[in-house]
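1. Need a 3D model of the sequence below.
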Amino acid sequence: MSAARLRAVAEELLEASTLCAISTVSPGGRSHVNTAYFAWAPDLRIVWFSEPRARHSRNLRANPSAAVAVYDSGQTWGKPDRGIQLFGSARVTEEDSVYADRFPDYQGFETYRAYELVPNRVKLFDERALGAATFVSARVARDGKLTWEHTEVYG
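-> The predicted structure follows:
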């Protein structure tokens, strides 16, 4: 699959929802998930806001490993499904312009901080574009360019 096609599918999937699920790892190795509104940058960084005292924010200070899942929650079981998973490292950032671009009413948050996931890998699932039960994994370069890694077909 071409890099341009992978990129087009990834962008469509990121635009499918304004909510994401963020997975972090606690200092004790336990998983934690949180839902947040997000925006994405051309290099595929995912930006969200969170209270620094929240469990997932504390987890990221101790271990930056994180994953984000984006999907349209209005999908119907048995119909073509789609979603994207991004894996990498997350950190606090001062960059909130992509968030402001996606959410025009955003005026800044007094106590919340911006966080960003810098992905190094993505997993794409779009049955309309990629085929039934097909997952495509790709590496993410620093500039957001995708390089096909492998395809898994289930079913």
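
2. Could you say whether residue 59 sits in a helix, a strand or coil?
-> Following DSSP: H, G, I helix; E, B strand; the rest coil, residue 59 is assigned to helix.

3. I'd like to know how far it sits from residue 128.
-> Distance of residue 59 to residue 128, given as CB to CB, to the nearest Å: 35 Å. All C-beta atoms are positioned from the backbone trio N, CA, C, and that covers glycine.

4. of those two, who's got more company?
-> Neighbour count, other CB atoms under 10 Å: between residue 59 and residue 128, residue 59 has more, with 24 against 12.

5. tell me the centre residue of the protein?
-> Geometric centre of the chain, nearest residue: residue 68, 3.8 Å, by CA atoms, centre = their mean.

6. Skipping adjacent residues, who's closest to residue 63 in space?
-> residue 25 (5.0 Å; CB to CB, 6 or more residues apart in numbering).

7. go on, residue 67?
-> residue 23 is the one closest to residue 67 (CB to CB, 6+ apart), at 4.4 Å.

8. So residue 84 sits against residue 119, correct?
-> No: with contact defined as CB atoms under 8 Å, residue 84 does not reach residue 119; the gap is 9.9 Å.

9. same for the longest helix anywhere in the chain, what does it pack against?
-> If you go by DSSP state H, the chain has its longest helix at helix 3-15. On a contact count with 3 or more CB pairs under 8 Å, 6 or more residues apart in numbering; DSSP states H and E, helix 3-15 meets strand 82-93, strand 113-126, helix 127-130, strand 134-140, strand 146-153.
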